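In: here is a sequence with its predicted model. Questions after.
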Amino acid sequence: MPEDKEIGIVDPSKIEGGSKKDKMRIICFSGDMDKAFAVLTLASTAASIGFDVAIFFTFWGLSLVRKKRELKSKNLLQKMMSLAMPKGLNSLKLSKMNMAGLGPAFMKMLIKQTKSPTLEDLFQSAKEAGVKFYACSTSCSILGIKKEELIDEVSEIVGATTFLTEAKEAKISLFI
C-alpha cells in the first residue's frame, strides 16, 4: 500500500477503498495520546479513501477536542473534573509507560526523529478530508462542558441515539 510517510496519508488512487456511500463511525472514549493516534490515523485514512467518517467524542475522549477550561457555572465536582482532564491534543498522556509525565515528551521526540505525523497533523488531515466531529451530549452535561469550550471543528453536541442511528448504517464502527 503506497503511503506518504511525511504526512501518513494513503494515496487513494493506488488502493481500493470505500466509496462516499460507505460510512465509518468511531466512538472516541479515551483521552490517551496513543489512542488518539489510532482514532485520528484511522479517521483520516478512511476519509482519504472515500469513506464518510464521523467521530463521536465521549467522556475522556472529549479531552481531544477541548480548547479551554471554563469553570464558571460548574458545580464543585465538575470544576475538579475540568481541572483534572487534559485540554487539547498537546496535553494528552500515554495509556501505558507515562513515566511520571515524561512518556508523552519521549513519544513526541520519537515522532520528530522518525518524521511521523503528529496528532496535530493527523487532526488537520482528518479535518481536510471531511471527517465530522461530534461531542456526546450526556458526557458534556455530566462534566459541565459547554459548546464554547470545544474546538470549532466540533459541529454539534449530539446524543447517543443520533450517533447510533448513523452508526447502524456504517460499514465500519470502532470504539477506541
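Out: Right, received. Where do you want to start? Numbering: from 1, shown residues only.
In: name the SS class of Lys21, please.
Out: The local conformation at Lys21, judged by DSSP: H, G, I helix; E, B strand; the rest coil, is coil.
In: got it, and the one 5 residues further on?
Out: In terms of secondary structure, Ile26 is strand; the call rests on three-state DSSP.
In: residues touching it, list them.
Out: By Cβ atoms under 8 Å, 6 or more residues apart in numbering, the contact list for Ile26 reads Val39, Leu42, Ala43, Val53, Ala54, Ile55, Phe56, Ser173, Leu174, Phe175, Ile176. Every C-beta, even on glycine, is put in place using the N, C-alpha and C of the backbone.
In: tell me where the model's unsure across the protein.
Out: Scanning the chain with the threshold set as pLDDT under 70 gives 1-20.
In: give me that answer again for 50
Out: For the chain, the stretches flagged by pLDDT under 50 are 1-7, 10-15, 20.
In: what residues does the longest helix belonging to it touch?
Out: Across the chain, the longest stretch assigned as helix under DSSP state H is helix 33-48. With contacts defined as Cβ under 8 Å, 6+ apart, helix 33-48 is touched by 8-10, 12, 17-18, 24, 26, 28, 30, 53, 55, 61, 64, 89, 92-96, 104, 107, 117, 119, 122-123, 125-126, 129-131, 172, 174, 176.
In: for Lys112, see how far away Thr45 is.
Out: Between Thr45 and Lys112 the computed distance is 21 Å (Cβ to Cβ, to the nearest Å).
In: and the two? Which one has more around it.
Out: The residue with more neighbours, out of Thr45 and Lys112, is Thr45; 23 against 10, by other Cβ atoms under 10 Å.
In: from the contacts of helix 33-48, which land in helices?
Out: Assigned to helices by DSSP H, the following of the contacts of helix 33-48 qualify: Pro104, Met107, Leu119, Leu122, Phe123, Ser125, Ala126.
In: most widely separated two among the contacts of Ile26?
Out: Of all pairs drawn from the contacts of Ile26, the widest gap by Cβ to Cβ lies between Val53 and Phe175 and measures 14.7 Å.
In: between the two, who's got more neighbours?
Out: In this comparison of Val53 against Phe175, neighbours counted by other Cβ under 10 Å, the higher total goes to Val53 at 26 against 12.
In: residues in contact with the more buried one?
Out: Residues counted as contacts of Val53 (Cβ under 8 Å, 6+ apart) are Lys23, Met24, Arg25, Ile26, Ala43, Ala46, Ala47, Ala126, Ala129, Gly130, Val131, Lys132.
In: next one: Ile157
Out: Ile157 makes contacts with Tyr134, Ala135, Cys136, Ser137, Cys140, Lys147, Leu150, as judged by Cβ under 8 Å, 6+ apart.
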